[in-house]
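Chemist: Sequence plus the predicted model coming up.
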Amino acid sequence: MTATAAPATESAPSVARRVPVFRGYRFELVKLVSQWRIRLLVAACWIVPGLFVAGVGQQSTLPSDTLFGRWMHATGWAGPLVLLGFAGTWALPLLTSVVAGDVFAVEDRLGTWRHLLVAVRSPARIFVAKSLAGLTVILLLVAGLAVSSTTGGLASAGDQPLVGLDGHLLSPGDAAGRVLLAWLAALAPTLALAAIGLLGSVALGRSPTGLLLPPVVALAMSVAQMLPLPVAVRLALPGYAFTSWNGLFTSPVQLAPLLIAVTVSLTWTVLATALAYLLFVRRDFTNPADDGSGRRALAFGVLPLAALTAVTVGAVAVATPSTGSGITQDKVQKSLATVFGHLYRLQTRELRRPAVTEAQSRATAACTKSDGQAAQEGAGNDWRCVVSWHLPGVAVTGTAIYQLDITSDGRFVADGDGPKEVNGYFLVRTPTGDAPNPLWQFDGNVDLLDTQ
Amino acid sequence: MGLMDTPRAVRARGITKYFGDVVALDGVDLDVTQGQIHGLVGPNGAGKTTLLGLLLGLAAADGGRLEILGTPVERALAAPDGVAGFVDAPGLYPSLTARQNLAALAALRGLATGAAGIDDVLGEVGLTEVADDRTRGFSLGMRQRLGLAAALLTRPRLLVLDEPSNGLDPSGKRQVHGVLHRLAADGTAVVLSSHRMDDLEALCSEVTILATGRVVFSGPLGKLAAENRELDYRLRTCDPRTARRIAGDTTGIRIVDDSGVRQDPDVLVVRALVPALDELVAQVVRSGVAVRELAPVVSPLEAAFLALTEHQETGR
């Protein structure tokens, strides 16, 4: 056996060399990837969504209560969007909590902070390395969800056009681009949750509460989105970005809510990360009683985010004129008529009838809420609409009835109430046999910020 | 080279450190020369781990002056290259194998140590056979040895160890002692804390005793024993009755019958200073009585430790 220590008599200049961030980043990645739960998550994210989407696509009953779920038989591009809707509520918060919510706390549990500090010699570099490593793994997981679900969808339903939320057909190439943008847009709130996870992991030390913070915040934001909040408040919460991608599937794209939501999410990301950084670099690692948690840390973490919410609500309220629910009678009528016009064109094509353009059909809708007994605005399942349209060369105006269930985020499901030949039955008889009736039930979206 | 010329690995003067209102270190002086194994002793809460943390650069002192390997250290995490070790316990990642832990550390520090270097240090601490096992299942002693291997990997000139013998079996302890002696022989300064007096006596040429954040003794072990007062010694002879009679007649010797040592008819426990003990042994031998065993009941270091720290505690 040979001693490996260097002779100590050498008198090399003694300086404290800090470890470059890249080495720390690589070290953190090695530690993360060596954990079985992270490996399991990566494998699950890259395999399960594809199997799920492909499996659901083979079922006779589709998840029509999920956005784009009713189109899973028609096109492979619906699959990744169905998964995105689900992921925004459950999967992404949980994934960020497992990765970002534990990336700092794990060192407290293992008692390795001092070892790491002696090795790296810079809390700032440790923070950057850990944050980047956590971000890398989260991106890997999100990419897995997107790629896997897309692959599963295309394998089961093929590369077909996708019906947008206003009923117009998106070519496969266009649909692919928008699906990609939708997943990228969902990255912003995912990063916000990851930053909240970092903050919790730093502020709450070895307490498991830190691990739970992202899902708790995500759940709170989901509940908030279900409440009849003013538009300014709704958009000021980072969770809105998990639904604002819906606006990518209308024409024109509902860009304002999307950009506001993404900006809000990124602002939360920056602030929560900065707070986590400040808490971390101020921590006294030599004091065995200090694991970073405490009332001061909690206040330092929570109060600025509460202040950010207040400031953002004010800014959105000032920047946008919409302070109510954003769901008005005019907007509901306009949106429903638009979707109907596009889908009517699709139905006539299915039935091999002469093509009717949206300009020719001139579809309009007349909607009332609660039979006109209540205020004609806001979410609810008591909207009733009569859609009217014209056919070229036909004097009679066609009408069809819909019951609308509108949720607070502006999304609605229109349920056809007749006549049977138009929208009262889930199938239509085409020259080649029965086919799904696009006018029977469909999804739509009210632009909460639209002032026209 | 005289003592004054020997390069100093650590030179601390008047070091103070506070944790809020608690004074962890109160004007501590410490000198450690290269090639020396220096022990830190003290009751729990005496400030040993805090002092070791300062040497590792985990924190900066609130007062005083600290030089490590000739470099003044005035802020946290500024300890110069060449310092390695651990406080409290080695930092190991349970999901990594022993080899992966070392490889990750080597990569992190940018060490040019290849696989052979890692194998060398694993072999040196006796962990070759478990090199590819995850450290999740390692015993405390194995973790201590791997922590030492991690420190060796950085080729330290100052090695700082907190209770390195914790959890070690006799074989592991011998192996670790061998490593530390070889390091010291190569010129590395070693500062270690321990509650095991036998370890410190076997390893250290000098010790510093801390009590309530203050140095109550610092110097060679021999000086500590000399400064101490009477010690209790076990004397085993072939004729205990004669030995007892001679001890009773020898000036400066007191027979102790309630020393707490297990009663053994062949063993006599006497309390004496070293010169009186020498005289007793000479007389016993001259009387034709064979001396089969002579050893302190409590080691000189432990006796001094107890005397000095108890005095400090009662003086608070």
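Modeler: Done, it's in.

Chemist: what does the stretch 101-250 of chain A have sitting close to chain B?
Modeler: Within reach of chain B by C-beta under 8 Å from any C-beta of the partner chain, the stretch 101-250 of chain A has these residues: A:110-123. Placement of C-beta: from N, CA and C, glycine included.

Chemist: Using CSV, lay out the residues you listed together with pLDDT and neighbour count.
Modeler: Shown next, in CSV, are those (pLDDT from 0 to 100; neighbours: other C-beta atoms under 10 Å in any protein chain shown):
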residue, pLDDT, neighbour count
A:Leu110, 87, 18
A:Gly111, 86, 15
A:Thr112, 89, 20
A:Trp113, 87, 21
A:Arg114, 86, 24
A:His115, 87, 25
A:Leu116, 88, 25
A:Leu117, 87, 23
A:Val118, 84, 25
A:Ala119, 85, 21
A:Val120, 86, 22
A:Arg121, 83, 21
A:Ser122, 86, 17
A:Pro123, 89, 19
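
Chemist: Count the neighbours of A:Asp159 for me.
Modeler: Counted with other C-beta atoms under 10 Å in any protein chain shown, the neighbours of A:Asp159 add up to 14.

Chemist: and if you look at the one 5 residues further on?
Modeler: Neighbourhood size, A:Gly164 [other C-beta under 10 Å]: 25.

Chemist: which residues sit in contact with the closest residue to it other than its chain neighbours?
Modeler: Leaving aside its sequence neighbours, A:Gly164 sits nearest to A:Phe249 (C-beta to C-beta, 6 or more residues apart in numbering or on different chains; 4.2 Å). By C-beta atoms under 8 Å, 6 or more residues apart in numbering or on different chains, A:Phe249 lies in contact with A:Leu81, A:Leu162, A:Gly164, A:Leu165, A:Asp166, A:Leu170, A:Arg178, A:Ala182, A:Asn445.

Chemist: still on that earlier bit, and which of the residues of the stretch 101-250 of chain A next to chain B is nearest A:Pro304?
Modeler: Nearest to A:Pro304 among these: A:Pro123, at 20.0 Å, using C-beta to C-beta.

Chemist: wait, isn't that closest one in contact with A:Leu278?
Modeler: No: if you go by C-beta atoms under 8 Å, A:Pro123 and A:Leu278 don't touch, sitting 10.7 Å apart.

Chemist: hmm, back to that, adding distance to A:Gly197, write the residues of the stretch 101-250 of chain A next to chain B out as CSV.
Modeler: Below are those laid out as CSV (distance: C-beta to C-beta, whole Å):
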residue, distance to A:Gly197
A:Leu110, 18
A:Gly111, 21
A:Thr112, 19
A:Trp113, 18
A:Arg114, 24
A:His115, 23
A:Leu116, 19
A:Leu117, 22
A:Val118, 26
A:Ala119, 24
A:Val120, 21
A:Arg121, 26
A:Ser122, 22
A:Pro123, 19
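
Chemist: Next, format those residues as a markdown table and append distance to B:Thr128 and secondary structure.
Modeler: A markdown table is the format used below for these (distance: C-beta to C-beta, whole Å; DSSP: H, G, I helix; E, B strand; the rest coil):
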| residue | distance to B:Thr128 | secondary structure |
| --- | --- | --- |
| A:Leu110 | 24 | helix |
| A:Gly111 | 26 | coil |
| A:Thr112 | 24 | coil |
| A:Trp113 | 29 | helix |
| A:Arg114 | 27 | helix |
| A:His115 | 22 | helix |
| A:Leu116 | 26 | helix |
| A:Leu117 | 29 | helix |
| A:Val118 | 25 | helix |
| A:Ala119 | 23 | helix |
| A:Val120 | 28 | helix |
| A:Arg121 | 30 | coil |
| A:Ser122 | 34 | coil |
| A:Pro123 | 35 | helix |
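
Chemist: Just the pLDDT for the residue of the stretch 201-316 of chain B found nearest chain A.
Modeler: As assessed by C-beta to the nearest C-beta, chain A sits closest to B:Gly213 within the stretch 201-316 of chain B, at 14.1 Å. With respect to pLDDT, B:Gly213 scores 91.

Chemist: Equivalent analysis for the one 10 residues further on, please.
Modeler: The per-residue pLDDT reported for B:Lys223 equals 76.

Chemist: Can you give me the neighbour number for it?
Modeler: Neighbours around B:Lys223, by other C-beta under 10 Å: 14.

Chemist: Okay, and it sits in which element?
Modeler: For B:Lys223, the host element (DSSP states H and E) is helix B:221-227.

Chemist: returning to what we had before: spell out which residues are contacts of both of A:Pro123 and A:Leu278.
Modeler: Counting by C-beta under 8 Å, 6+ apart, nothing touches both A:Pro123 and A:Leu278.

Chemist: about what we covered before: so, if you compare the residues of the stretch 101-250 of chain A next to chain B, which one comes nearest to chain B?
Modeler: A:His115 (2.1 Å).

Chemist: Setting the sequence-adjacent residues aside, check what's closest to the closest one.
Modeler: B:Gly91 (2.1 Å).

Chemist: rewinding a little: would you mind identifying the next helix or strand past the helix holding B:Lys223?
Modeler: strand B:231-237.

Chemist: Output the contacting helices and strands for that next one.
Modeler: Packed against strand B:231-237 by the contact rule (3 or more C-beta pairs under 8 Å, 6 or more residues apart in numbering or on different chains; DSSP states H and E) you find helix B:240-249, strand B:267-272, helix B:274-286, strand B:291-296.

Chemist: again, only this time at 7 Å
Modeler: strand B:267-272, strand B:291-296 (3 or more C-beta pairs under 7 Å, 6 or more residues apart in numbering or on different chains; DSSP states H and E).

Chemist: which residues are contacting that strand?
Modeler: Contact partners of strand B:231-237, identified using C-beta atoms under 7 Å, 6 or more residues apart in numbering or on different chains, comprise B:243, B:256, B:259, B:261, B:266-272, B:277, B:284, B:289-298, B:300, B:303.

Chemist: so how far is it off the chain centroid?
Modeler: With C-alpha atoms, centre = their mean, to the nearest Å as the basis, strand B:231-237 stands 25 Å off its chain's centre.

Chemist: how far away is the closest residue to B:Pro94 other than its chain neighbours from chain A?
Modeler: Leaving aside its sequence neighbours, B:Pro94 sits nearest to B:Arg136 (C-beta to C-beta, 6+ apart; 3.8 Å). Distance, B:Arg136 to chain A, using C-beta to the nearest C-beta, to the nearest Å: 10 Å.

Chemist: neighbours around the residue of the stretch 351-452 of chain A found nearest chain B, how many?
Modeler: Per C-beta to the nearest C-beta, A:Asp409 is where the stretch 351-452 of chain A lies closest to chain B, at 40.9 Å. A count of nearby residues for A:Asp409, using other C-beta under 10 Å, gives 24.

Chemist: what residues are up against the closest residue to it other than its chain neighbours?
Modeler: Excluding the flanking residues, the one nearest A:Asp409 by C-beta to C-beta, 6+ apart is A:Thr243, at 5.0 Å. Listed by C-beta under 7 Å, 6+ apart, the contact partners of A:Thr243 are A:Gly88, A:Gln225, A:Asp409.

Chemist: All set now, cheers.
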